[in-house]
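Colleague: Predicted model follows, preceded by the sequence.
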Amino acid sequence: MNAPFPGAAALASYIRTGNREDRIAYRNLPDKERAVYGELVDRVYERAIDRYFAKNLDKGRVDRLIVRIARRHPEYGGSVKRLLRSLVEGEERRRELAPLQLLTAQHLVIQAVSERHLELQQNAEQLVDDVARDLRWMLEAPPETPAIRATASVPVSPAVPAAPVATAAPQPVSAPPVSAPPVSAPPSVPQTTEPAAPKPKTTAPKAAKPSPAAPAVAAAEPAAPVRRPEPAVVPKPKAEPKQDEEKKESDPSDFKVPDSYEDQLKEGKDFLVKIPDGPNKDMAEKVLATAPSREDIEKLQARAAEGRALLASIQESRFEGRAADGAVRVVVDATGEIRKLELDPTAARLGNRELAAAIGAALAEAEEQRSENDAKILERGKSLGGRTGSSSDAAGAQQESEETAMLRKIEEFVEKHENDRFSSTSDTDMCRAAVNQRGFLVDLVFLTANVLKTSEREEVSADVIRTITAARSKANGAISAMTMEILGANG
């Protein structure tokens with residue numbers, strides 16, 4: 001029975017849930033297993049890309065996927081952009097990424113694609129296991145060549161007579177490329193496909209030794225066949241310096257203010273008298289004057305930790321709505337994106353209109369719960385917005401004022417165009433959905449007669465989710481265009 005493939009379970013779990021802990025679990029693997037895990041992610045990424053783009057790979061679709069991932073993970077937007085742009089601009093863009101950045105970007109793309117193609121989430125374990133099965137040789141292959149291993153483990157009796165040397169020109173033994181150089185025959189023996197007869201030796205050791213022809217025999221006929229596929233290029237994270245991802249994901253509150261912090265500030269201020277007047281001294285005085293106190297730093301650390309906890313709870317939040325006596329169940333996340341649409345077998349009794357109405361009711365219930373949670377999060381977030389009283393607050397207040405003004409303009413735009421409708425029809429022509437400017441579903445129509453009698457429930461669910469999501473993307477596009485127009489007007 002084969003041992004579990006390193007990181008496979010965590011990768012499958014990440015595809016299904018998007019949990020960050022599953023995404024970074026590979027960091028605890030030993031170096032060799034971590035490198036093999038990188039190859040596993042690379043091949044799963046290729047399958048996800050094939051599923052998402054199929055035969056319609058164009059720059060517009062690539063850019064839309066980049067924007068969708070960057071909105072959720074802005075800190076990795078650059079890495080994702082380089083990775084996906086390499087699909088249409090060439091491998092040079094991908095080579096700009098360090099191994100750790102590449103691995104993170106591939107994770108994010110895989111998870112984003114699986115959200116659109118629910119069969120990838122539902123069959124995540126099978127997908128990862130299928131890919132891992134083809135890579136298991138990387139864990140089992142020995143570091144040395146088969147010739148070396150055979151020579152060491154299969155002694156050849158000295159009583160075995162050596163075959164005569166062929167009169168034809170000797171042919172070198174060819175072997176597939178491996179990491180260690182092939183074993184060469186002794187200088188006096190030509191390396192041929194047949195065992196070579198050794199030259200007589202005047203001083204032979206008394207102890208029994210393998211004949212000089214043994215290496216050639218072992219090289220031509222190894223004790224056991226070893227599968228050696230084409231060597232794969234595997235990233236080696238340990239050889240690389242720490243990347244930006246580790247810095248970005250490190251906990252900003254885990255450092256300790258040194259005990260000598262106040263003494264260092266005092267020494268700096270005392271040293272100012274030795275600096276000649278000029279720009280350098282002015283800058284030093286400004287830095288020391290605005291240095292935060294120990295109490296300010298500790299407050300900021302506590303606030304940052306609480307903010308991260310709040311963000312984690314938002315990312316993990318799920319809101320559920322049910323309708324038609326539980327025959328329809330909808331789950332949305334904190335952004336309002338539909339994560340699940342489950343149709344119970346009893347939903348088959350519903351006609352097209354009743355099914356559409358039940359889906360709309362279940363989605364509205366989930367959205368209502370999400371709105372209530374948003375209000376709680378907003379209040380909790382306000383408690384984290386206090387300032388320390390340092391002089392840097394002026395710049396922060398100005399930035400906050402600009403952001404508030406932008407949000408106010410967006411809200412005014414949404415209110416003005418709230419009744420605008422954005423519709424989308426599924427690729428299969430199964431259904432059509434329409435949403436308003438806020439992204440709320442206002443209409444859902446099934447275009448196929450008796451849809452639950454002619455299609456599988458899972459197919460109907462996936463089609464509805466994709467269609468509603470496409471309509472929402474159009475609504476978001478209108479807001480994005482308006483935002484860009486404002487930013488362009490402001491220079």
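Modeller: Perfect, thanks for sending it.
Colleague: where does this protein dip in pLDDT?
Modeller: The model of the chain has pLDDT under 70 over residues 1-2, 141-254, 382-401, 487-491.
Colleague: what about 50?
Modeller: Low-confidence segments of the chain, defined by pLDDT under 50, span residues 1, 143-228, 231-232, 234, 236-249, 387-392.
Colleague: Please parse it into its domains.
Modeller: With domains defined by automatic domain parsing, the chain comprises 8-140, 400-491.
Colleague: Need the winner for burial among those domains.
Modeller: Mean neighbour count, computed with mean count of other C-beta atoms under 10 Å, is highest for domain 8-140 among the domains of the chain, reaching a mean of 18. (Glycine included, C-beta is placed from N, CA and C.)
Colleague: With distance to L310 added, can I get the domains of the chain in CSV?
Modeller: Output for those, formatted as CSV (distance: least, C-beta to C-beta, whole Å):
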stretch, distance to L310
domain 8-140, 15
domain 400-491, 18
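Colleague: Quickly find the element holding the nearest residue to E298 once chain neighbours are set aside.
Modeller: Nearest non-adjacent residue to E298, counting by C-beta to C-beta, 6 or more residues apart in numbering: V257, 7.1 Å away. Using DSSP states H and E, V257 sits in no helix or strand.
Colleague: Would you mind listing the residues in contact with V257?
Modeller: Contact analysis of V257 by C-beta atoms under 8 Å, 6 or more residues apart in numbering lists R294, I297, E298.
Colleague: okay, which residue is most central for the chain?
Modeller: For the chain, H107 is the residue whose C-alpha lies nearest the centre (C-alpha atoms, centre = their mean; 1.3 Å).
Colleague: That one and A434, how far apart?
Modeller: Relative to A434, H107 is positioned 34 Å away (C-beta to C-beta, to the nearest Å).
Colleague: K340 reaches R329, doesn't it?
Modeller: Yes - the criterion here is C-beta atoms under 8 Å, and K340 meets it with R329 at 7.1 Å.
Colleague: between those two, who's got more neighbours?
Modeller: Neighbour totals were compared for K340 and R329, and R329 leads with 21 against 16 (other C-beta atoms under 10 Å).
Colleague: So the more buried one, which state does it fall into?
Modeller: Assigned state for R329: strand (three-state reduction, DSSP: H, G, I helix; E, B strand; the rest coil).
Colleague: ok, it to E342 distance?
Modeller: R329 is 4 Å from E342, where distance means C-beta to C-beta.
Colleague: now D282
Modeller: For D282, the distance to E342 - C-beta to C-beta - is 66 Å.
Colleague: Between these two, tell me which one has more neighbours.
Modeller: Using other C-beta under 10 Å as the criterion, D282 and E342 rank with E342 on top: 17 against 11.
Colleague: List the buried residues of stretch 275-288.
Modeller: Within stretch 275-288, no residue counts as buried by 16 or more other C-beta atoms under 10 Å.
Colleague: Show me how far the longest helix seen in the chain is from its chain's centre.
Modeller: Longest helix in the chain, counting residues (DSSP state H): helix 457-489. Put simply, helix 457-489 sits 23 Å off its chain's centre (C-alpha atoms, centre = their mean, to the nearest Å).
Colleague: And for stretch 103-114?
Modeller: The answer for stretch 103-114 is 4 Å, by C-alpha atoms, centre = their mean.
Colleague: which one is A324 nearest to, not counting chain neighbours?
Modeller: Sequence neighbours aside, A358 is the residue nearest to A324 in space, at 4.0 Å (criterion: C-beta to C-beta, 6+ apart).
Colleague: That neighbour falls within a helix, correct?
Modeller: Yes - using three-state DSSP, the assignment for A358 is a helix.
Colleague: residues contacting it?
Modeller: Residues near A358 by C-beta under 8 Å, 6+ apart: A323, A324, A327, V328, A347, L350.
Colleague: do T448 as well
Modeller: By C-beta under 8 Å, 6+ apart, T448 lies in contact with N352, D429, M430, C431, T454, S455.
Colleague: Would you mind confirming that the last one makes contact with D429?
Modeller: No - taking C-beta under 8 Å as the contact criterion, S455 and D429 are not neighbours in contact, 11.6 Å apart.
Colleague: right, and the helix or strand after the helix or strand that contains E403?
Modeller: Assigned by DSSP H and E, E403 falls within helix 393-416. Downstream of helix 393-416, the next assigned helix or strand under DSSP H and E is strand 422-425.
Colleague: elements contacting that next one?
Modeller: Packed against strand 422-425 by the contact rule (3 or more C-beta pairs under 8 Å, 6 or more residues apart in numbering; DSSP states H and E) you find strand 431-435, helix 457-489.
Colleague: Could you provide the ones you listed in CSV, with additional columns for distance to A25?
Modeller: As requested, the helices and strands packed on strand 422-425 are arranged in CSV below (distance: least, C-beta to C-beta, whole Å):
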stretch, distance to A25
strand 431-435, 37
helix 457-489, 28
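Colleague: So which of those is nearest A70?
Modeller: Between A70 and those, the tightest spacing by C-beta to C-beta is seen for helix 457-489, at 12.0 Å.
Colleague: Summarise which helices and strands that closest one is packed against.
Modeller: Under the contact criterion of 3+ C-beta pairs under 8 Å, 6+ apart, helix 457-489 touches helix 118-122, strand 338-343, helix 393-416, strand 422-425, strand 431-435, strand 441-446.
Colleague: Could I get those in CSV, plus columns for distance to G78?
Modeller: Below are the helices and strands packed on helix 457-489 laid out as CSV (distance: least, C-beta to C-beta, whole Å):
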stretch, distance to G78
helix 118-122, 25
strand 338-343, 27
helix 393-416, 22
strand 422-425, 30
strand 431-435, 31
strand 441-446, 34
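Colleague: A98 is nearest to which of those?
Modeller: helix 118-122 (26.7 Å).
Colleague: Give me the contact list for stretch 47-60.
Modeller: By C-beta under 8 Å, 6+ apart, stretch 47-60 touches 61-62, 65, 87-88, 109-110, 113-114, 116-117, 120, 127, 131.
Colleague: Show me those that map onto helices.
Modeller: If you go by DSSP H, these have 61-62, 65, 87-88, 109-110, 113-114, 116, 120, 127, 131 in helices.
Colleague: got these as JSON lines, with distance to L40 columns?
Modeller: JSON lines is the format used below for those (distance: C-beta to C-beta, whole Å):
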{"residue": "R61", "distance to L40": "26"}
{"residue": "V62", "distance to L40": "24"}
{"residue": "L65", "distance to L40": "22"}
{"residue": "L87", "distance to L40": "20"}
{"residue": "V88", "distance to L40": "25"}
{"residue": "V109", "distance to L40": "15"}
{"residue": "I110", "distance to L40": "11"}
{"residue": "V113", "distance to L40": "16"}
{"residue": "S114", "distance to L40": "16"}
{"residue": "R116", "distance to L40": "22"}
{"residue": "L120", "distance to L40": "15"}
{"residue": "L127", "distance to L40": "11"}
{"residue": "V131", "distance to L40": "6"}
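Colleague: I'd like to know which of those is nearest to R472.
Modeller: Nearest to R472 among the ones in helices among the contacts of stretch 47-60, counting by C-beta to C-beta, is R116 at 12.4 Å.
Colleague: Nearest residue to the closest one in space, ignoring adjacent ones along the chain?
Modeller: Leaving aside its chain neighbours, R116 sits nearest to R466 (6.4 Å; criterion: C-beta to C-beta, 6+ apart).
Colleague: what's the spacing between that neighbour and Q301?
Modeller: Per C-beta to C-beta, R466 is found 43 Å from Q301.
Colleague: before we move on, the earlier item: can you redo the contacts of A358 as a markdown table with neighbour count and distance to E46?
Modeller: Converted to a markdown table, the contacts of A358 look like this (neighbours: other C-beta atoms under 10 Å; distance: C-beta to C-beta, whole Å):
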| residue | neighbour count | distance to E46 |
| --- | --- | --- |
| A323 | 22 | 39 |
| A324 | 20 | 40 |
| A327 | 20 | 38 |
| V328 | 26 | 35 |
| A347 | 23 | 36 |
| L350 | 20 | 40 |
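Colleague: This completes my enquiry, with thanks.
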